[in-house]
Each structure stands twice: as C-alpha cells, then as structure tokens.
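*Asks:* the sequence and its predicted three-dimensional model are supplied below.
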Amino acid sequence: MKYMLLIYDNADTRELFFGPEGKALSEEIDALMAELTASGELAGGEALADPAQTRSIRPHDGAPVVTDGPLAEAKEHFAGYLIVDCESAGRATEIALRWPNARFAAMEVRPVMSPGGPDT
Amino acid sequence: MTTSGTPDIEGLLRQLAPQVLGALARRHGQFEACEDATQEALLAAAQQWPEQGVPDHPRGWLIAVATRRLIDEIRADRSRHAREDAAVGAGERYEPAPGEPQPPQHDDTLTLLFLCCHPALTPASQIALTLRAVGGLTTAEIAGAFLVPEATMAQRISRAKQTIKAGGMQFELPLPDQRAERLRAVRHVLYLIFNEGYTTTAGPDLQRVELAAQAIGLTRVLHRLLPADGETTGLLALMLLTHARRRARTGPGGALIPLADQDRSLWEGQEIEQGLRLVENALTTAAIGPFQLQAAIAAVHCEAPSAKQTDWPQILALYTLLERIAPNPVFALNRVVAVAMTNGPQAGLAALAAIENDKRLAGHHRVDVVRAHMLELAGDRTGSAAAYRAAARLTTSLPERRYLEGRAAGMRLGPA
C-alpha cells in the first residue's frame, strides 16, 4: 500500500538548515532515506522550491487565470513529499514521525489511490 | 536448434527459471549467489536465443551458463578475500558445456517456494522473491507490475536474499512438523500475489506482467507438486473462479461492474469448469479448509444463470461454516450480505449491527458498502446515499470510489 508523506515547512524551519543544527538535520534525513531505500519501501519523493516561486491558477468567470505567488499566505507551506510503499498506515506514520521536520512543522500521511478495483 | 518467437522463449525461460535455480542451489548452497547467477543466465538466453535459436537442451544450457557465472563470481570473491574457501571446490566439480545432456530430472520447485516464502521474510520480500526466483520474472517486470520504481523492487529482492544468507536458511525442505505451517505461508503469498493483481490492474495493459495470471501459474505448479493438498486445490479453484469473471468486472473507462450487474456471457467458461472440478474434488477428498470454502462460495456464484437465481441460502451456509473454522471480520461482513439476500435487508442490518463494532473492521469501507446496499434494498434512499458517500470517502481504489459516488448520486436522484 502506497502512502504520501506530505512535508510542511514554515518560515523558520528552512533557517534551521543554515544554523548549527543544519548538518545534523541533513545527516538525519540522509540516514532515514538510506534506511527506506534499503528496506525497499521508498517509492519516490521530491522537494519543492520556495513558495515565492509559485504560480497559481484559479478559475475566474469560468476561465483559468494565472497569478504569481501561492494560493494563500499560510503559516505553513507544502515543501515536499515522500512516497512510501509499506505494510500499513501505522508503518507510514512511524516513518513520518521520524522525519526531522515533524519536530518543527506539520506532516500529513495520506493513502495513495490504487488504479484497480476490488472484486465485488 | 529450433526457432521460435520471443513470447514462446519468454514463457520457456519462466518455466525453466525455478528448475535452474533449484539445481544450482541444491548443488552449491549459497542461495543468494545462485539466484544472481540464474538471473544472468536467463538474461543471456533472452538476448541470444531469439537470434541464435533455442538450444536442444535449454535447461542444460541455462544450468551450464549459470554455473559458470556462479564459479566466476566465487573466484572473484575468493581473490578479493585472498583466501581458500572449501565451498569453491564443490562449485568447480560441475561445469558442463552448453548442449550437454540434461542432468537428472529433479524438481526443486517446492523447496524453492518454501525458501522464498520463509516466515522470516516480510510479505513484500516474499512476494518479490517468489516472482523472481520461482516465476522467472525480471526485477523490472515485477516493479512494473507493482507500480514501484525498479530500484525499490531490486532493494526488496536483495534484502530478502540477505535475510536468507544472514539467517543461515538452507535450501532444503522444512522439517515434517513444520511442513503444514510453512505450506500455509506459501499459499498465503500466492494469494497475496493474486489479490495484488486485482488491486493494481485497471483494465488490460499488455506491457505489464499480469499478477493474477502469474499467481495462477505458480499455484498450478504447487498443485501439481501436492495434488492431495486440499487447501492448495481450493486456492487454485478460488483463483480460477474469480479470474474467470475478469472481463465482466470492468466496463468502459475502467468502470467497476459489481457481480450482480455483470454480463455473465463474458465469464470464461473453461476456467469456471476447471475451478468447479477442482473445488468439488477437494471438498470430497480432503479435510475442509478456508480456501476450499471460499472457492465453494465462488462456485455457487459462477453456477447461477443470473444474479437473481443465485442460491443465497447455500452461500449463507458456506459463510457460516467458513466463519466457524476461520474467524475473520471480513468473512463475517460477507456473511451479512448473504443474510440480507436470504432473509431480507432488516435481518441483514441486524446482523451488521452485531459485528460492526469489531475493532478489526474500524475504518473499513466495506462496512459502509454493505450497509448502503442493505439500506438500498430496504428502500431507505437517504440512508443508503449517506452510507455510499461514507464508503466512497474510505476506499483507496479509484474505480471503486467512482462507482460508490455514482451509487450515492443515484440514490439522491430518486427511482430510476
């Protein structure tokens, strides 16, 4: 079963990586990624550029309109994701709890939809 | 030499894969190295045979090439470590030239299945290793079938082999007192592969290996090796009777079609016949078990000329028995449907009330699917719509979500 681990940042969390804690945090992420790779659970993931680089598209009178910047100024922004293919939601949550960002900002764990249907 | 099309060669290689690996592992031990060597020999054959033709003794050819790869690997390893290894001597005894008569027929497939489905491995590893070592699939094919990157699948396989090596697990049949339990584990892995086929496949995709068909092939092999094992027969029958309905299960655009609405002329008659024969044979000759009962239930559905003419009292009796010998909340939920179809929706709703608080069913969308269905039968359109909506929110299958949303909308729009 695949789960997406949504990683959020806030204005301060990125700064952490420049500070004295930065090296240890990066190593922690590298170690966890290596562990998930070795266990055969890591099925994908990307980090996103700063929200300042966002272009938003919203419908306006039934037509899509582009504006610069994110949809809404928020305390926390979507910063990247991991896809893990693992045994259970419990295991996916356990991985999210160990992701260092979880100590400083929000994380979400959501099941990925499967393209096949059950036999009913 | 014979020439044949690539699909035939692929099929032949998959069939020979476990025999080659079995022969190597039995002779040399070192399952991990043997598995790598076998994959290399299969790749060499896949490249050479389509152009040069299939050798007269394909199995001997593969064993010879794989053995040479294994010895090269052991030698390289030995020079790396600059030490003598007693195991190498054993490896050097056998190095036949390609085309040499086949070594004595000896089927190690069962031993191989037991090792690949060893309880020390995680289910994901058991599945991947079984498909590669016994099914003869490449890592890329398995990754494609499971919709994960090839690197992810390669890692699962290598981890499984490391676990086998580190645990000192031997290439030998389990002890007699462990045989039944280990066999149960093998059947379970085959069943998981079969189910994965249904949850990852939306319509035909010719480029992708079909997991349900792979599972049936592997279960056929197990059944051939253990024809008197009733549960293996039951499992094969269950797979055939379920797989027989595949073309009727999905409509245009991958839309889900439930059993009651399926065009039964699309069911595969030959597979149904085979499944019926197997289940009847198992039920009359072997000790009863959960796979046999599930197959018997599938058989009742397959034998009904129409959904209306389904023998629900018999299905209810079978589910009651199944729940008694293999207590399981999902079986209990299916039994509720049979209660409703036999004794009416109110009796079904009462039966559902009795089990819906089972913790193991918490968050399970099937509870709401069953409730929605019974409320619909009872004529409670508002309640049914709400239950269909709740189920749609909980499912993780795209076609099922669309189907349930459609039912919810239908309930709200009023009688069709």
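*Replies:* Great, that's in hand. Residues are numbered from 1 along each chain as shown, chains lettered A, B, ... in the order given.
*Asks:* what's the nearest residue to residue B:196 if we skip its chain neighbours?
*Replies:* Taking C-beta to C-beta, 6 or more residues apart in numbering or on different chains, and ignoring the residues beside it in sequence, residue B:196 has residue B:211 as its nearest neighbour in space, at 5.2 Å. Glycine gets a C-beta too; all of them are placed from N, C-alpha and C.
*Asks:* shouldn't that neighbour be in contact with residue B:191?
*Replies:* No. Under the criterion of C-beta atoms under 8 Å, residue B:211 is not in contact with residue B:191, lying 11.6 Å apart.
*Asks:* list the contacts for whatever residue of chain B ends up closest to chain A?
*Replies:* Nearest residue of chain B to chain A: residue B:156, at 3.3 Å (C-beta to the nearest C-beta). Each residue near residue B:156 by C-beta atoms under 8 Å, 6 or more residues apart in numbering or on different chains is listed here: A:40, B:124-125, B:128-129.
*Asks:* sort out for me which of the residues you listed are in helices.
*Replies:* Mapping those onto helices (DSSP state H) picks out B:124-125, B:128-129.
*Asks:* which one of those is nearest residue B:108?
*Replies:* residue B:129 (15.0 Å; C-beta to C-beta).
*Asks:* residue B:211 and residue B:191: who's more crowded?
*Replies:* Legend: neighbour count by other C-beta atoms under 10 Å in any protein chain shown for residue B:211 and residue B:191, higher for residue B:211 (26 against 17).
*Asks:* how about residue A:28, nearest residue that isn't a chain neighbour?
*Replies:* Nearest to residue A:28 is residue A:100, by C-beta to C-beta, 6+ apart, at 4.9 Å.
*Asks:* and the one you found, how close does it get to chain B?
*Replies:* 22 Å (C-beta to the nearest C-beta, to the nearest Å).
*Asks:* that residue against residue A:29, yeah?
*Replies:* Yes. Under the contact definition of C-beta under 8 Å, residue A:100 touches residue A:29, with a separation of 6.1 Å.
*Asks:* neighbour-wise, which of these two wins?
*Replies:* Each of residue A:100 and residue A:29 has its neighbours counted (other C-beta under 10 Å); residue A:100 has more, 18 against 14.
*Asks:* so what's the more buried one up against?
*Replies:* Contact partners of residue A:100, counting by C-beta under 8 Å, 6+ apart, are A:25, A:28-29, A:32.
*Asks:* swap the cut-off to 7 Å and go again
*Replies:* Contacts for residue A:100 (C-beta atoms under 7 Å, 6 or more residues apart in numbering or on different chains) come out as A:25, A:28-29.
*Asks:* one step back: so which of the contacts of residue B:156 is the closest to residue B:57?
*Replies:* Closest to residue B:57, out of all of the contacts of residue B:156 and judged by C-beta to C-beta, is residue B:129, at 27.4 Å.
*Asks:* check contacts around the closest one.
*Replies:* The neighbours of residue B:129, taking C-beta under 7 Å, 6+ apart as the test, are B:116, B:121, B:157, B:160.
*Asks:* can you check residue A:16 too?
*Replies:* Residue A:16 sits next to A:22, A:25, A:104 when contact means C-beta under 7 Å, 6+ apart.
*Asks:* can you select the buried ones among those for me in ChimeraX?
*Replies:* Entered in ChimeraX, the line below selects the buried ones among the contacts of residue A:16, by 16 or more other C-beta atoms under 10 Å in any protein chain shown:
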select /A:25
